[in-house]
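**Student:** for reference, the sequence and a predicted model appear below.
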Amino acid sequence: MGDVHDSSVRADEAEPSTDTEATVLSVSDLHKQYEGSDGSVTAVERVDFDIERGTAVGLLGPNGAGKTTTIKSVLGLIVPTGGTVRVHGTDIHDEPERAYRHIGAMLEGARNVYWRLTVRENMRFFAALAGESTRRTERRQRELLDKFGLTDKADSTVRELSRGEKQKVSLACTLARDADVVLLDEPTLGLDVESSLELREELRRLVTDRGTTLLLSSHDMDVIEDICDRVVVMNDGEVVTDRSVSNLLDVFDIQSYRIVVDGTLPQEIRRRLSAQFDADSFETRGGSTQFSVRVGGDEFYRLVDGLREAGCDVESFTSVEPDLEEVFIQLTNEPSEGPLESDRSQRMDTQT
Ligand SMILES: Nc1ncnc2c1ncn2[C@@H]1O[C@H](COP(=O)(O)OP(=O)(O)OP(=O)(O)O)[C@@H](O)[C@H]1O
């Protein structure tokens, strides 16, 4: 495999920073150092990105990459050690109230709603807090309650709801506000598949129809692929790449395969496959051995030739469409928490 930190996608080659009128959110040279009992931890450094109106940007990265620190800095919830954050040109630390007028946010864990208030009371409370009249937002609130299947629970207190329902209320309160910049930390965490899909549709609609600017973090690559136009990948506190989702998939011409060979595979061959082709998940069943590889371009043919030379009889291979999951692994060298292979596999006949 090539160098995982491919020089073609370094942060310093990210899409150029254009502080134009269309730039709604601008993060510039952000640094954050936490002082702990064991010394200082650099959580983010040299983080730069601009987001234009009506764009959805996904913040991706392994645990500890600096995503939450970045989002909290954008929200002004923590004071960065250096750098600036501007919302519609207003510095969030100099004039927070002015900047907040534009922002709706949901942090992880549905903690931004009052558990002793009902669902409806929460929605009204947060709309009022944002200075919006109930009448103006009532229709939208009704739509969101309906969309998230909460209409029957509108008069229940939040504490009576399930974890997933609490998460939906939290989101509904964020989206009910007329904010044009929305920040979401892990918005689909704890939601069932159906609710997660509904939420993705709703978020995409907000971006496309209302021109909302979205910054969201997620460990779920499918969520990012469904919603986002662009992805900023962080690792060890720095931006590793910043590109459009489709461009990122093109740059990393990576394909996954599940390969089945006849018989068992000797340890030596397994080791070589792992070293050369990133092979893993070996499984021997019913006289055959299966394993997964992630290869780019011509490497697949080298792999098949190598197996033949080693006397292995390839029975079949399953091609898995390249997706963000693969790119993420290449960029950060870490598997995400989601499933490794998408369900878009296609069975193909072996050509050996
Ligand atoms: N309050 C704090 N005090 C000290 N160190 C902190 C604090 N908050 C975060 N860190 C450290 O800063 C780094 C970045 O953390 P951050 O929470 O921003 O990462 P993340 O990408 O959001 O991770 P995750 O995906 O696990 O939520 C980590 O090394 C973390 O341990």
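**Tutor:** That came through fine. In this text, all values refer to a predicted model and were calculated from it rather than measured experimentally.

**Student:** touching the ligand at all, stretch 189-199?
**Tutor:** No: if you take Cβ under 6 Å from any ligand atom as the test, stretch 189-199 misses the ligand, and the best it gets is 10.4 Å. All C-beta atoms are positioned from the backbone trio N, CA, C, and that covers glycine.

**Student:** identify the residues contacting that stretch?
**Tutor:** For stretch 189-199, the surrounding residues in contact (Cβ atoms under 8 Å, 6 or more residues apart in numbering) are 108, 110, 147-149, 163-164, 167-168, 171, 187-188, 220, 223.

**Student:** of these, closest to Gly89?
**Tutor:** Pro187 (26.6 Å; Cβ to Cβ).

**Student:** before we move on, the earlier item: from the contacts of stretch 189-199, pick the one nearest the ligand.
**Tutor:** Nearest to the ligand among those is Glu108, at 7.4 Å by Cβ to the nearest ligand atom.

**Student:** quick revisit: okay if I get the contacts of stretch 189-199 as JSON lines plus secondary structure and pLDDT?
**Tutor:** Below are those laid out as JSON lines (DSSP: H, G, I helix; E, B strand; the rest coil; pLDDT from 0 to 100):
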{"residue": "Glu108", "secondary structure": "coil", "pLDDT": "67"}
{"residue": "Ala110", "secondary structure": "coil", "pLDDT": "56"}
{"residue": "Lys147", "secondary structure": "helix", "pLDDT": "83"}
{"residue": "Phe148", "secondary structure": "coil", "pLDDT": "84"}
{"residue": "Gly149", "secondary structure": "coil", "pLDDT": "86"}
{"residue": "Arg163", "secondary structure": "helix", "pLDDT": "79"}
{"residue": "Gly164", "secondary structure": "helix", "pLDDT": "80"}
{"residue": "Gln167", "secondary structure": "helix", "pLDDT": "82"}
{"residue": "Lys168", "secondary structure": "helix", "pLDDT": "85"}
{"residue": "Leu171", "secondary structure": "helix", "pLDDT": "84"}
{"residue": "Pro187", "secondary structure": "coil", "pLDDT": "87"}
{"residue": "Thr188", "secondary structure": "coil", "pLDDT": "85"}
{"residue": "Asp220", "secondary structure": "coil", "pLDDT": "79"}
{"residue": "Val223", "secondary structure": "helix", "pLDDT": "85"}
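
**Student:** for the nearest residue to Asp313 once chain neighbours are set aside, name its beta-bridge partners.
**Tutor:** Leaving out its chain neighbours, the residue that sits closest to Asp313 by Cβ to Cβ, 6 or more residues apart in numbering is Asp262, at 4.0 Å. Assessed by DSSP bridges, Asp262 has beta-bridge partners Ser288.

**Student:** could you measure Asp262 against the ligand, distance?
**Tutor:** 42 Å (Cβ to the nearest ligand atom, to the nearest Å).

**Student:** pretty sure Phe148 sits against Ala172.
**Tutor:** Yes: Phe148 lies in contact with Ala172 (Cβ atoms under 8 Å); the separation is 5.6 Å.

**Student:** if we can go back for a sec, can you pull the contacts of the residue nearest to Asp313?
**Tutor:** 287-288, 312-315 are the contacts of Asp262 under Cβ under 8 Å, 6+ apart.

**Student:** top of those by number of neighbours, please.
**Tutor:** Cys312 (20 neighbours; other Cβ atoms under 10 Å).

**Student:** which parts of the chain belong to which domain?
**Tutor:** The chain breaks down into these domains under the TED database: 23-250, 254-321.

**Student:** highest mean neighbour count out of those domains?
**Tutor:** Highest mean neighbour count among the domains of the chain (mean count of other Cβ atoms under 10 Å): domain 23-250, with a mean of 19.

**Student:** residues of this structure that sit close to the ligand?
**Tutor:** Taking Cβ under 6 Å from any ligand atom as the measure of proximity, the chain contacts the ligand at 34, 36, 41, 43, 61, 63-69.
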